[in-house]
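Peer 1: using only what follows, build the 3D model:
(2 chains)
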Amino acid sequence: MSDIIKTATREAYGKALVELGAINNKVIVLDADLAAATKTGMFKKAFPDKFIDTGIAESNMMGVAAGLASTGYTVFASTFAMFAAGRAFEQVRNSIAYPHLNVKIGATHAGISVGEDGASHQCCEDIGLMRTIPGMVIINPADDIEARAAVFAAAEYEGPVYMRFGRLAVPRIFDEKYKFEIGKAVKIKDGADVSIFATGLMVNEAIEAAKILADKGIDAEIINIHTIKPIDSEAVIASVTKTGCAVTAEEHNIIGGLGSAVCETVCEFGKPVPVLRVGVEDKFGRSGPAVDLLHLYGLDCAHIVEKAVKAFSLK
Amino acid sequence: MDKKTLKELEISACKVRLGIIEGVFNAKSGHPGGSLSCADIITYLYFNHMRVNSENCSDENRDRFVLSKGHAAPALYATLALKGFFPVDWIKTLRKIDSKLQGHPSIQYTPGVDMSTGSLGQGISAACGMALGAKIGGKDFRVYSILGDGEIQEGQVWEAAMYAAAKKLDNLCIVIDNNNLQIDGTVEEVNSPYPIPEKFQSFGWNVIKIDGHDFNDINDAFEAAKECKGKPTAIIAKTIKGKGVSFMENQVGWHGTAPNAQQYEDAVNELKDKLSALER
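Peer 2: The predicted model follows:
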């Protein structure tokens, strides 16, 4: 197992910004006094003239990002998910999304895997918040390769994008040849019995879960939903039409995130199938080592297996 | 300022006020009081100060204007229409379904609008971003923004105020439209922002106090702001809410109420009398 590469998606974000800065002189990066943690510090070092620290004032940062974007720049604005989507929600909605300005929000430290800092910093509501904003694109990468690809795709896309990165180092799933397209789900494994729609660090858990399910005689299909909005409804429908039941897995409240998006998609198709959600079950987080917290809150392969077995039995 | 320019500005401001009344009356809703209080300043900016071009409203070298107190949209729309950004007829469609003139300014709908605003406290941050964009891009355009005196109760204004001074955004000039009234009463009664000049001074701004209805004062202030290096400028403009329509002046009730038919006629007559006196 020693050959498994583990990298935090925030780390990949910082590196990708540096790569991007080298080829795109319209890129400006903002941070609100968290450059060391969000990893935009790498960009700051490489391009000090294109990096702006707005200090501990996220609401103002989002407005400054909007104004800068209106003068022709591609602006990446970074802070923790809690402050990007939470504190500055209304600035993101009114100053960035409503005027459809070219701002990319790099929200790091999303979810419960923030760990020791505890519930005040563990944002499990950001996808729900961002999903309700018209026109907002939401990308939640599963590993460092996908995080890098998301940054480049976001820079190419004209308009607001919310990118969600984690603090915890997570195993690499994809290889360098990986092709990423905003809004296009990625099938990781074909299966006939249950669809597992996973996002972020839960994609790796889904891969592990599928192995356990196989031993139980259940053939799981794994689909990586890196873009939660716009969701790839075609891929979701095609999969559940084949398997007849589904499990969603995300490091987010089960309300408002991927689970909700999949349920909405499946129900509106008109031939509903059982969909069980794995995620934070409408609770606040707490302090502790990230990995222990993930288990405590049911964000692991064991819970995916449990829900998959149940979903299968409900068919 | 020479007499001819002064007179032209007074005429334009009177036409802008007529546009405000026209828009709000036809919409049967909107904010006449705060639109009338900043009408002279907006008129001055578009007719005598800012580098704008109605033929090319996305010219990257244009000066920018952010109406941070977005509810004064009728004043901005009337000015933009008179300046030729869109037909004057549009004024009558204000706030109606299918109108290009939304209740609050939107860049998605209206030519000439530089930033979508309406949620108080946010416009000044966007203005900072634009000013920063000019600095980074080595461009010489300037950025102007008008805020309400009640609006500066929003915490974000002070985040932006701290930021603009820290980053030495001397290409940014804001105006505080100090009409002393907000929805629930006088600004002192509700949550006093006073003393305003000292607050901005202590945040590191160049501060200029003026009578916001005196074009000579207005002109001097904006010219002085242009000359000030290393600091953003805040012009604290003493104004009268409802200015120009006597029954609306200093009446808090006219913050967000449209005139009825009789009031509309009275307001239009008063402004038209003023206009013909000026044009005589």
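
Peer 1: can you pull the contacts of the residue lying closest to B:Ile21 once chain neighbours are set aside?
Peer 2: Of all residues not flanking B:Ile21 in the chain, B:Ala267 sits nearest, at 4.8 Å (CB to CB, 6 or more residues apart in numbering or on different chains). For glycine as for every other residue, the C-beta is placed from the backbone atoms N, C-alpha and C. Going by CB atoms under 8 Å, 6 or more residues apart in numbering or on different chains, B:Ala267 touches B:21, B:245, B:247-248, B:259.

Peer 1: where's B:Ala267, which helix or strand?
Peer 2: Assigned by DSSP states H and E, B:Ala267 belongs to helix B:261-279.

Peer 1: so which bits of that helix are buried?
Peer 2: B:263-264, B:266-268, B:270-271, B:274-275 (16 or more other CB atoms under 10 Å in any protein chain shown).

Peer 1: swap in stretch B:101-109?
Peer 2: B:101-107.

Peer 1: pull the most distant pair out of these.
Peer 2: B:Gly103 and B:Ile107 (14.6 Å; CB to CB).

Peer 1: quick one: the strands in the stretch 51-200 of chain A, in order.
Peer 2: A:51-53, A:74-80, A:103-108, A:137-139, A:161-164, A:169-171, A:186-189, A:194-198 (DSSP state E, counting those that start in this stretch).

Peer 1: ok, residues contacting the helix or strand where A:Val262 lies?
Peer 2: Per DSSP H and E, A:Val262 falls inside helix A:258-269. Residues outside helix A:258-269 that contact it (CB under 8 Å, 6+ apart): A:127-128, A:131, A:140, A:197-199, A:225, A:228-229, A:231, A:233, A:236-237, A:240, A:246, A:248-250, A:252, A:254, A:272-273, A:275, A:277-279.

Peer 1: please redo it, this time with the cut-off set to 7 Å
Peer 2: The contact list for helix A:258-269, computed with CB atoms under 7 Å, 6 or more residues apart in numbering or on different chains, reads A:127, A:131, A:197, A:199, A:225, A:228, A:231, A:233, A:236-237, A:240, A:246, A:248, A:250, A:252, A:272-273, A:275, A:277, A:279.

Peer 1: from A:Asp193, how far off is the residue with the largest distance to the centre of chain A?
Peer 2: The centre of chain A is farthest from one residue, A:Gly217, which by CA atoms, centre = their mean lies 30.5 Å away. Distance from A:Gly217 to A:Asp193, counting by CB to CB, to the nearest Å: 8 Å.

Peer 1: A:Asn253: how many residues sit nearby?
Peer 2: By the criterion of other CB atoms under 10 Å in any protein chain shown, A:Asn253 has 23 neighbours.

Peer 1: likewise A:Gly270?
Peer 2: Look at A:Gly270: counted by other CB under 10 Å, it has 7 neighbours.

Peer 1: just the pLDDT at it, thanks.
Peer 2: Reading off the confidence values, A:Gly270 has pLDDT 89.

Peer 1: likewise A:Met1?
Peer 2: Looking at A:Met1, its pLDDT reads 48.

Peer 1: same question, A:Arg87
Peer 2: On the pLDDT scale, A:Arg87 is placed at 98.

Peer 1: repeat that for B:Gly138.
Peer 2: At B:Gly138, the model reports a pLDDT of 97.

Peer 1: phi first, then psi, for it.
Peer 2: phi 60, psi 30 (degrees, to the nearest 10).

Peer 1: repeat for B:Asn206
Peer 2: phi -80, psi 120.

Peer 1: that one bridge partners, please.
Peer 2: Per DSSP bridges, the residues bridged to B:Asn206 are B:Thr233.

Peer 1: relative to chain B, how far out is A:Asp292?
Peer 2: Distance of A:Asp292 to chain B, given as CB to the nearest CB, to the nearest Å: 37 Å.

Peer 1: dump the residue contacts of that residue.
Peer 2: Per CB under 7 Å, 6+ apart, neighbours of A:Asp292: none.

Peer 1: over to B:Thr43?
Peer 2: B:9, B:12-13, B:16, B:79.

Peer 1: and those residues, which are buried?
Peer 2: B:9, B:12-13, B:16, B:79.

Peer 1: could you dump those residues into CSV and include secondary structure and distance to B:Arg95?
Peer 2: Converted to CSV, these look like this (DSSP: H, G, I helix; E, B strand; the rest coil; distance: CB to CB, whole Å):
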residue, secondary structure, distance to B:Arg95
B:Leu9, helix, 28
B:Ser12, helix, 24
B:Ala13, helix, 23
B:Val16, helix, 18
B:Thr79, helix, 17
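
Peer 1: of all pairs in these, which one is the farthest apart?
Peer 2: B:Leu9 and B:Thr79 (11.6 Å).

Peer 1: interface residues of the stretch 1-150 of chain A facing chain B?
Peer 2: A:28, A:52, A:54-55, A:57, A:59-60, A:63-68, A:70-73, A:90-91, A:94-95, A:98-100 (CB under 7 Å from any CB of the partner chain).

Peer 1: pull out the buried members of those residues.
Peer 2: Buried by 16+ other CB under 10 Å: A:28, A:52, A:54, A:57, A:59-60, A:63-68, A:70-71, A:73, A:91, A:94-95, A:98-100, out of the residues of the stretch 1-150 of chain A next to chain B.

Peer 1: taking those one by one, which sit in helices?
Peer 2: A:59-60, A:63-68, A:70, A:91 (DSSP state H).

Peer 1: now tabulate those residues in a markdown table and tack on pLDDT.
Peer 2: Below are these laid out as a markdown table (pLDDT from 0 to 100):
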| residue | pLDDT |
| --- | --- |
| A:Ser59 | 98 |
| A:Asn60 | 98 |
| A:Gly63 | 98 |
| A:Val64 | 98 |
| A:Ala65 | 98 |
| A:Ala66 | 98 |
| A:Gly67 | 98 |
| A:Leu68 | 98 |
| A:Ser70 | 98 |
| A:Gln91 | 98 |
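
Peer 1: neighbouring contacts of stretch B:208-220?
Peer 2: Residues contacting stretch B:208-220 (CB under 7 Å, 6+ apart): B:1, B:6, B:9, B:40-41, B:44, B:177, B:197, B:221, B:224-225, B:233, B:235-240, B:243.

Peer 1: and that stretch, how far out from the chain's middle?
Peer 2: Centroid separation for stretch B:208-220 versus its chain: 14 Å, with CA atoms, centre = their mean, to the nearest Å.

Peer 1: can you check stretch B:13-23 too?
Peer 2: The chain centroid and the centroid of stretch B:13-23 are separated by 13 Å, computed with CA atoms, centre = their mean.

Peer 1: with only the CA atoms kept, save it in PDB.
Peer 2: Coordinates of each C-alpha in stretch B:13-23 appear next as PDB, following Å, rounded to 0.1, in the frame of the first residue of the first chain:
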ATOM      1  CA  ALA B  13     -30.400  67.900 -12.900                       C
ATOM      2  CA  CYS B  14     -33.900  69.200 -13.200                       C
ATOM      3  CA  LYS B  15     -34.500  66.900 -16.200                       C
ATOM      4  CA  VAL B  16     -33.100  64.000 -14.100                       C
ATOM      5  CA  ARG B  17     -35.500  64.900 -11.300                       C
ATOM      6  CA  LEU B  18     -38.400  64.800 -13.800                       C
ATOM      7  CA  GLY B  19     -37.100  61.400 -14.900                       C
ATOM      8  CA  ILE B  20     -37.100  60.200 -11.300                       C
ATOM      9  CA  ILE B  21     -40.700  61.300 -10.800                       C
ATOM     10  CA  GLU B  22     -41.800  59.900 -14.100                       C
ATOM     11  CA  GLY B  23     -40.200  56.500 -13.400                       C
END
